[in-house]
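Novice: Attaching a predicted model along with its sequence, questions to come.
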Amino acid sequence: MAFSRKFGPKKPLEPARALLRLEELCARSEHCEGELREKLRKWLVSEEDADTILSSLRRRRYVDDERFARAYVRDKFRFDHWGRRKIELTLRRKRVDADVIADALEEIDADDYMAMLRKLLAYKARSLPDAEAYENRVKLMRFAIGRGFEPQLVVKALDLMK
C-alpha cells in the first residue's frame, strides 16, 4: 500500500470515482492511454478496473491515441519548435504505438519543417559573435539536435545559412 506523507496509507480510489475524474480530465484536454493508465496506477486502481475504465473511455471517444498524437505533434512543432526526433521520443515515453507516432509525424510539412529549423538556427546565431567560426557552428548544431532535429538536416540548414 502506498503512503502519503501527511496522512499515512493511501486508499485506492473507487473505480466509479476514477472514471469520473478521467472523464473530466479528458474533456478539458487531449490525453493518451499511457498517461491515463499512469494516473490510475497512482490512484491505486487495480489493473482489471483500469482496463475496464480505459475501454469505456475509448468506446465513448474520451481518449484516442491517434487524435492525441496528431495534436501533440502539431502543438510541439508549432509552439515549442521541436524536431521530429524529440517529439517521437516523448510520444514513445507516453507509450503511444509506433505506427500511430509515424502517421502523426507525417503530417509535418517538409518545407515548414526546414523553414522552422532555419529560423531557429538564425535566431540562435544572433546570440553568437561569429556564427561561421567552427566552435559556434558546433554550438548551433548541438542546439538544433537538442531540439530534436535530424543531424543531416541541421548540416544542410547550416550550409544554406552561409
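Specialist: Here it is on my side, so go on. Numbers count the residues shown, from 1 in each chain.

Novice: show me where this structure has helices.
Specialist: For the chain, helices defined by DSSP state H occupy the ranges 15-28, 33-42, 47-59, 65-78, 84-93, 98-105, 110-125, 134-146, 151-161.

Novice: Let's have those helices in JSON lines, adding mean neighbour count.
Specialist: Placement of C-beta: from N, CA and C, glycine included. As requested, the helices of the chain are exported to JSON lines (neighbours: other C-beta atoms under 10 Å):
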{"stretch": "helix 15-28", "mean neighbour count": "15"}
{"stretch": "helix 33-42", "mean neighbour count": "17"}
{"stretch": "helix 47-59", "mean neighbour count": "15"}
{"stretch": "helix 65-78", "mean neighbour count": "18"}
{"stretch": "helix 84-93", "mean neighbour count": "17"}
{"stretch": "helix 98-105", "mean neighbour count": "16"}
{"stretch": "helix 110-125", "mean neighbour count": "15"}
{"stretch": "helix 134-146", "mean neighbour count": "15"}
{"stretch": "helix 151-161", "mean neighbour count": "14"}
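
Novice: got any ranges where the protein has weak pLDDT?
Specialist: Counting by pLDDT under 70, the ranges of the chain that qualify are 1-9, 131.

Novice: CA atoms of stretch 134-145 as CSV?
Specialist: C-alpha atoms of stretch 134-145 as CSV (Å, rounded to 0.1, in the frame of the first residue of the first chain):
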residue,chain,number,x,y,z
TYR,A,134,33.9,26.3,-36.1
GLU,A,135,33.1,26.4,-32.4
ASN,A,136,29.9,28.4,-32.9
ARG,A,137,28.9,26.2,-35.8
VAL,A,138,29.2,23.2,-33.4
LYS,A,139,27.1,25.1,-30.8
LEU,A,140,24.4,25.7,-33.5
MET,A,141,24.4,22.0,-34.4
ARG,A,142,24.1,21.0,-30.7
PHE,A,143,21.3,23.4,-30.2
ALA,A,144,19.2,22.2,-33.2
ILE,A,145,19.9,18.5,-32.4
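
Novice: Touching it from outside, list them.
Specialist: Contacts of stretch 134-145 with the rest of the structure, by C-beta atoms under 8 Å, 6 or more residues apart in numbering, involve 83, 117, 120-121, 124-125, 128-131, 151, 154-155, 157-158.

Novice: and with 6 Å instead?
Specialist: The contact list for stretch 134-145 (C-beta atoms under 6 Å, 6 or more residues apart in numbering) reads 121, 124, 128, 130, 151, 154.

Novice: Please apply the same query to stretch 15-35.
Specialist: 36, 43, 45, 49, 53-54, 62-63, 65, 68, 71, 94-96.
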